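> need a 3D model of the following:
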Amino acid sequence: MTKMTTKCDELVLAEMLFEPEAASEQVKTHVAACEGCSKQLAELKATMNLLDDWKAAEPSPYFMTRMNARLDEERNAAPAGFFERMRARFAYGPQHTFRPVAAMALTVMLLVGGGAYVSYSGVLDSAAPQGHTTAVVHDLQNLDSNAQLLDQLEAMSNTQDNNNSGD
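This is a model prediction of the structure:
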């Protein structure tokens, strides 16, 4: 039999510890034959039995009173430097005081960003009426201004026609 040494095999042993009936016959046979694996499984079972018997210690009835007194001392102590004062304010100060400031800063950033976008993109300039031109006249003006593009498209079309007629 081969020795189970990989991390995956340790996971199989842990599964065999919690659900021994779910383990495959091959794993059960290997654990029964391999001294190292059976020893490791026995150690895992002993550890789990110790954890089942362990009782957590009850905290002192005055624990919360002393903890609150210690927190009050820390709150009232004057921090030495700027960073210590900021850390103390974030750690012990009320958290809801920064919400209105953060909301106002976000609103100002959105207004400034939106105004910059509108001014740089020209949204307001393009929305203004440009006289009484119809859509057709506007399209024809755009086509005339793109004459070079039309010449290139026509040249590509002629090249494709020549290639298709030569085949």
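> may I have stretch 156-165 as CSV, with CA atoms only?
In CSV, the C-alpha atoms belonging to stretch 156-165 read as follows (Å, rounded to 0.1, in the frame of the first residue of the first chain):
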residue,chain,number,x,y,z
MET,A,156,-13.0,50.5,-52.4
SER,A,157,-16.3,49.6,-54.2
ASN,A,158,-14.6,49.8,-57.6
THR,A,159,-11.7,47.6,-56.3
GLN,A,160,-14.2,45.0,-55.1
ASP,A,161,-16.1,45.1,-58.4
ASN,A,162,-12.9,44.5,-60.3
ASN,A,163,-11.9,41.6,-58.1
ASN,A,164,-15.3,40.0,-58.4
SER,A,165,-15.4,40.4,-62.3
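> quick check: mean pLDDT across it?
For stretch 156-165, mean pLDDT rounds to 78.
> stretch 115-134 too?
69.
> then stretch 82-97?
Rounded mean pLDDT across stretch 82-97 is 72.
> can you give me the helices for this structure?
Counting by DSSP state H, the chain has helices at residues 7-18, 25-33, 35-53, 63-76, 82-92, 98-121, 123-127, 135-145, 147-166.
> make CSV from those helices and add mean neighbour count to it.
Heads up, the C-betas are built off the backbone N, CA and C, glycines and all. Formatted as CSV, the helices of the chain follow (neighbours: other C-beta atoms under 10 Å):
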stretch, mean neighbour count
helix 7-18, 14
helix 25-33, 13
helix 35-53, 12
helix 63-76, 10
helix 82-92, 12
helix 98-121, 10
helix 123-127, 9
helix 135-145, 10
helix 147-166, 9
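> I'd say residue 30 and residue 37 touch.
Yes - contact criterion C-beta atoms under 8 Å: residue 30 and residue 37 qualify, at 6.4 Å.
> check contacts around residue 80.
By C-beta atoms under 8 Å, 6 or more residues apart in numbering, no residues touch residue 80.
> and what of residue 28?
Residue 28 neighbours (C-beta under 8 Å, 6+ apart): 16, 20.
> what does the pLDDT read for it?
pLDDT at residue 28 comes out at 82.
> how close does it get to residue 17?
Applying C-beta to C-beta, to the nearest Å, the value for residue 28 to residue 17 is 13 Å.
> same deal with residue 105?
Separation of residue 105 from residue 17 (C-beta to C-beta) stands at 55 Å.
> what's the neighbour count on residue 55?
5 (other C-beta atoms under 10 Å).
> pop out the phi and psi values for it.
When read as degrees, to the nearest 10, the backbone of residue 55 gives phi -110, psi 130.
> how about the one 3 residues further on?
Main-chain dihedrals, residue 58, degrees, to the nearest 10: phi -80, psi 140.
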